[in-house]
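J.: Got a sequence here, can you build the structure:
(one chain, ligands or ions: 1)
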Amino acid sequence: MYKQINNAYSYIYSKYPQPIDIAIICGSGLGKLAEQLENPITIDYNDIPHFPVSTILGHEGKLIIGTLCDKTIIAMKGRFHYYEGHDMDVVTLPIRVFSKLGIQTLIVTNACGGIREDLNPGQITLISDHLGFMAPSPLRGPNLDEFGPRFQDMSDVYSKDLRILAKESAKKVNVDVKEGIYCFFKGPMFETPAEIRAFKVLGADMVGMSTVPEAIVARHCGMKTLGISLVTNKAAGLSSNELNHQEVMEAANSAEERMIKFVKQFIKDI
Ligand code: HPA
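T.: Numbering: from 1, shown residues only. Below is the predicted model of the structure:
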């Protein structure tokens, strides 16, 4: 694992050997943020050792490094999902690489289904905590001592400080932001209505197929994470609509401008 991390790191560092402040992982339909970076350097995942290539519509495969609001940003346009068949160490490889690049702040965005009654399509929601025990742990296997401890505390995965700051940033740009608990679902099928009812009993407010592995590894690396979910649909069984990826993409695209306005203000404020 160290060898893979180091190879990927060395390649990216050779393209951009300056410090980077923040890493951003762009979720489904939320990749336009990466296009806003000034003086961008684009690196194809194809060219980075050990990076797989994303195959999902709406998920490209590029790393973009540039500046936004006077901060240096590395943005992933396209991420790796467990449901694509990747092992968790592949899904989370970019986070280890970002940590090696000296990055201490991660912003991760995703599209999700809303479970809680007030979480309707278009709602931007900060992740306050997650339910991830239904997925294999990305920390399973020999511990990478260089990054963090064998038994990692998980009580502040989604940094409270960053959430406080993010709520202030949202107010400044008049974007309504709520908070909720995100439940990881392995996918790639959407959940059944019975599964959603069960997740609700367990305390989930929203559900999605990403983010949790990356956030766990970021915590293990000592990074601070802000998780932002965009609700693209009511979760299974909570509306009469049949779920499909097209609907998710359309809802994400139509909220993208608001999302970018909010994230940009947050980057300015951080
Ligand atoms: N379930 C899982 N993942 C999702 C959903 C959903 O309802 N919407 C967007 N991503």
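
J.: what helix or strand does the closest residue to the ligand within the chain sit in?
T.: When C-beta to the nearest ligand atom is the measure, the chain has its nearest residue to the ligand at G113, with 2.2 Å between them. For glycine as for every other residue, the C-beta is placed from the backbone atoms N, C-alpha and C. Using DSSP states H and E, the element containing G113 is strand 105-114.

J.: Close to the ligand: what parts of the stretch 101-250 of the chain are there?
T.: The stretch 101-250 of the chain has residues 111-113, 185, 190-191, 207-209, 232-233, 235, 243, 248 near the ligand, with proximity defined as C-beta under 6 Å from any ligand atom.

J.: Columns secondary structure, distance to Y2 and pLDDT on top of the residues you listed, output as JSON lines?
T.: Formatted as JSON lines, these follow (DSSP: H, G, I helix; E, B strand; the rest coil; distance: C-beta to C-beta, whole Å; pLDDT from 0 to 100):
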{"residue": "A111", "secondary structure": "strand", "distance to Y2": "33", "pLDDT": "95"}
{"residue": "C112", "secondary structure": "strand", "distance to Y2": "33", "pLDDT": "97"}
{"residue": "G113", "secondary structure": "strand", "distance to Y2": "37", "pLDDT": "97"}
{"residue": "F185", "secondary structure": "coil", "distance to Y2": "31", "pLDDT": "98"}
{"residue": "F190", "secondary structure": "coil", "distance to Y2": "37", "pLDDT": "97"}
{"residue": "E191", "secondary structure": "coil", "distance to Y2": "36", "pLDDT": "98"}
{"residue": "V207", "secondary structure": "strand", "distance to Y2": "34", "pLDDT": "98"}
{"residue": "G208", "secondary structure": "strand", "distance to Y2": "30", "pLDDT": "98"}
{"residue": "M209", "secondary structure": "coil", "distance to Y2": "28", "pLDDT": "97"}
{"residue": "T232", "secondary structure": "strand", "distance to Y2": "37", "pLDDT": "95"}
{"residue": "N233", "secondary structure": "strand", "distance to Y2": "40", "pLDDT": "96"}
{"residue": "A235", "secondary structure": "coil", "distance to Y2": "39", "pLDDT": "97"}
{"residue": "L243", "secondary structure": "coil", "distance to Y2": "40", "pLDDT": "91"}
{"residue": "V248", "secondary structure": "helix", "distance to Y2": "36", "pLDDT": "89"}
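
J.: from the residues you listed, which is closest to N174?
T.: Within these, the smallest distance to N174 is 21.4 Å, found for T232 (C-beta to C-beta).

J.: in its sheet, what does the strand holding G113 sit against?
T.: Neighbouring strands of strand 105-114 in its sheet, by DSSP bridges, are strand 22-26 (parallel), strand 206-208 (antiparallel), strand 224-234 (parallel).

J.: Below-threshold pLDDT in the protein: ranges please.
T.: 54-59 (pLDDT under 70).

J.: Could you pull out the strands in it for me?
T.: Taking DSSP state E as the criterion, the chain contains strands spanning 22-26, 38-44, 62-68, 71-77, 105-114, 124-131, 177-184, 206-208, 224-234.

J.: Reformat the ones you listed as CSV; add mean neighbour count.
T.: Output for those, formatted as CSV (neighbours: other C-beta atoms under 10 Å):
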stretch, mean neighbour count
strand 22-26, 26
strand 38-44, 13
strand 62-68, 20
strand 71-77, 22
strand 105-114, 25
strand 124-131, 21
strand 177-184, 22
strand 206-208, 26
strand 224-234, 25
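
J.: and Y11, which of the ones you listed is closest to it?
T.: When the strands of the chain are ranked by proximity to Y11, the top entry is strand 38-44, at 7.9 Å, counting by C-beta to C-beta.

J.: Can I get the strand holding G113 in CSV? Just the C-alpha atoms.
T.: Extracted in CSV, the C-alpha atoms of strand 105-114 (Å, rounded to 0.1, in the frame of the first residue of the first chain):
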residue,chain,number,x,y,z
THR,A,105,-8.6,20.0,4.9
LEU,A,106,-11.0,17.9,2.8
ILE,A,107,-14.3,19.0,1.4
VAL,A,108,-16.3,16.1,0.1
THR,A,109,-19.6,16.5,-1.7
ASN,A,110,-22.2,13.9,-2.8
ALA,A,111,-25.7,13.4,-4.0
CYS,A,112,-28.0,11.6,-1.6
GLY,A,113,-31.5,10.4,-0.9
GLY,A,114,-33.4,12.3,1.8
